[in-house]
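Student: Sequence below, structure please.
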Amino acid sequence: MSDSVFTVVDLGGTTLRIARYDTATREVGDVRRVPTAGLAGHPGTSAAGLQSKVVEQLCALAADAVRRHGSTAFGVAFAGPVTADGRVLAAPTVWGGGGEPVPLRLLLEERLGVPVVVVNDLTAAVWRYVEGPDQQPFCLITVSSGIGCKVYRAGEVLLDADGHGGELGHWTCDPSPDAPLCDCGGRGHLGGIASGRGTLAAARRAAHADPDGYARSALAQAAPDPEGLDNPAFAAAVRGGDPFATTVLRGGLAHLASAVTAVFTSIGVRRYVLMGGFALALGPHCVRLLGEELERLGCFGLDAAEIRRMVVLGAPDDDHGLVGAGRLLAARGAARTAVTAA
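Tutor: Got it, this is the predicted structure:
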């Protein structure tokens, strides 16, 4: 496939980022950020009204960028479930609850006149780590305000036609009636326990349960009142080796390790890439502690050295959706070229 230029978008609840993707360098440039014209900026507007605002904003920005870049295709990494044919089924962080499914791919193709791919943002991010047709299976896990994951295997991200798959963040790992609440409203979900938000809530609970232990920790130096504790202070304490913070973190990572062992045991994936603001803030400590929990649980058929090699950190930036959307477009374009040539 000859070198091409694509325009790519990462559309989140707060920010819409649009960029130029160059297939020669396999990187992005001309990255521009604007507030998403959704729920965050227009509270009280109906879901249908927000859908209209967001779609029009995206179409207008896309048309301008495609012309500016001289693009031959357009890709969208979208914060919500997306079907195989590019329909957005829901977008709680973008236009809240409700609203009808939006045929975003068709709307954009009609407006732009170039091929369009629309996928979930984490699905797009997976493609940043696909190096070619012989890429070995891996699982991309994001640990930030929530937890999400997608599995890449045999040339595709494992999803059904309606976008189901890779929702470990909503796996119930604590069935107790007083388990922590998840943002979705359920209790005991992995995302409500082992995410940055869930870990911070666990640190506050631990501080109230053991005020003397908290007072002796580095966390108390940053926030004498545990209700004032934030994730940057928590991550700094872990990186500094603080025992109180590390013990709290291990509690959440034990559940994440259990989820990883379930994925490994069920489908044999042996590589796990961690991304997301909280995981990257913890850095190598997150990989080490998660590896220790995996060793403690055991992965059937693997020895300790093999288990320790399973988890790695992703790239330390926020370009995953943009780069991934570009590389997905390139992969699909290459596949079409190969079919035509055959």
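Student: any chance you could map the strands in the stretch 51-200 of the chain?
Tutor: With DSSP state E, counting those that start in this stretch as the criterion, the stretch 51-200 of the chain has strands at 74-78, 116-120, 138-143, 147-153, 156-157.
Student: Looking at those strands, which one is packed in the most?
Tutor: Among the strands of the stretch 51-200 of the chain, strand 74-78 has the highest mean neighbour count (mean count of other C-beta atoms under 10 Å), at a mean of 28. In short, each C-beta sits where N, CA and C put it, glycine included.
Student: Need the contact partners of it.
Tutor: Residues from elsewhere that reach strand 74-78, judged by C-beta atoms under 8 Å, 6 or more residues apart in numbering: 6-11, 21, 58, 62, 66, 88, 91, 104, 108, 112, 114-121, 123-125, 321-322, 324-326, 328-329.
Student: Filter those residues down to the buried ones, ChimeraX style.
Tutor: The buried subset of the contacts of strand 74-78, as determined by 16 or more other C-beta atoms under 10 Å, is captured in ChimeraX by this line:
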select :6,7,8,9,10,11,21,58,62,66,88,91,104,108,112,115,116,117,118,119,120,121,123,124,125,321,322,324,325,326,328,329
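Student: hang on, the earlier thing: with G196 as the reference, name the closest of the strands of the stretch 51-200 of the chain.
Tutor: G196 lies closest to strand 138-143 among the strands of the stretch 51-200 of the chain, at 6.7 Å (C-beta to C-beta).
Student: can you tell me how far V238 sits from N231?
Tutor: Relative to N231, V238 is positioned 10 Å away (C-beta to C-beta, to the nearest Å).
Student: More neighbours: which of these two?
Tutor: Neighbours of V238 and N231, each counted by other C-beta atoms under 10 Å, are more numerous for V238; the result is 23 against 19.
Student: Can you tell me the closest non-neighbouring residue to the more buried one?
Tutor: Computed as C-beta to C-beta, 6 or more residues apart in numbering, the closest residue to V238 that is not its neighbour in sequence is A245, at 4.9 Å.
Student: can you pull the contacts of that neighbour?
Tutor: Going by C-beta under 8 Å, 6+ apart, A245 touches A203, S217, A218, L219, F234, A237, V238.
Student: For the first one, pull up the helix or strand it's in.
Tutor: Here A203 is covered by helix 196-209, with elements defined by DSSP states H and E.
Student: Past that helix, which element shows up next along the chain?
Tutor: helix 211-215.
Student: Break down this protein into its helices, ranges please.
Tutor: Using DSSP state H, the helices found in the chain span residues 47-69, 92-95, 104-112, 121-126, 190-194, 196-209, 211-215, 218-222, 231-239, 243-267, 277-282, 284-297, 304-308, 320-341.
Student: I figured L16 was touching G41, is that so?
Tutor: No - L16 is beyond contact range of G41, at 10.8 Å (criterion: C-beta atoms under 8 Å).
Student: what sits in contact with each of the two?
Tutor: Counting by C-beta under 8 Å, 6+ apart, the residues touching both L16 and G41 are P35.
Student: Comparing those two, which shows the higher neighbour count?
Tutor: Taking neighbours as other C-beta under 10 Å, L16 and G41 compare with L16 leading, 22 against 13.
Student: For the more buried one, give me the pLDDT.
Tutor: We have a pLDDT of 95 for L16.
Student: low pLDDT regions in the chain?
Tutor: 1-2, 334-342 (pLDDT under 70).
Student: ok, 80 please
Tutor: For the chain, residues meeting the criterion pLDDT under 80 lie at 1-3, 183-185, 333-342.
Student: still on that earlier bit, put together JSON lines for the contacts of A245, with distance to V31 on each row.
Tutor: Listed next are those as JSON lines, based on distance: C-beta to C-beta, whole Å:
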{"residue": "A203", "distance to V31": "34"}
{"residue": "S217", "distance to V31": "39"}
{"residue": "A218", "distance to V31": "35"}
{"residue": "L219", "distance to V31": "35"}
{"residue": "F234", "distance to V31": "29"}
{"residue": "A237", "distance to V31": "32"}
{"residue": "V238", "distance to V31": "30"}
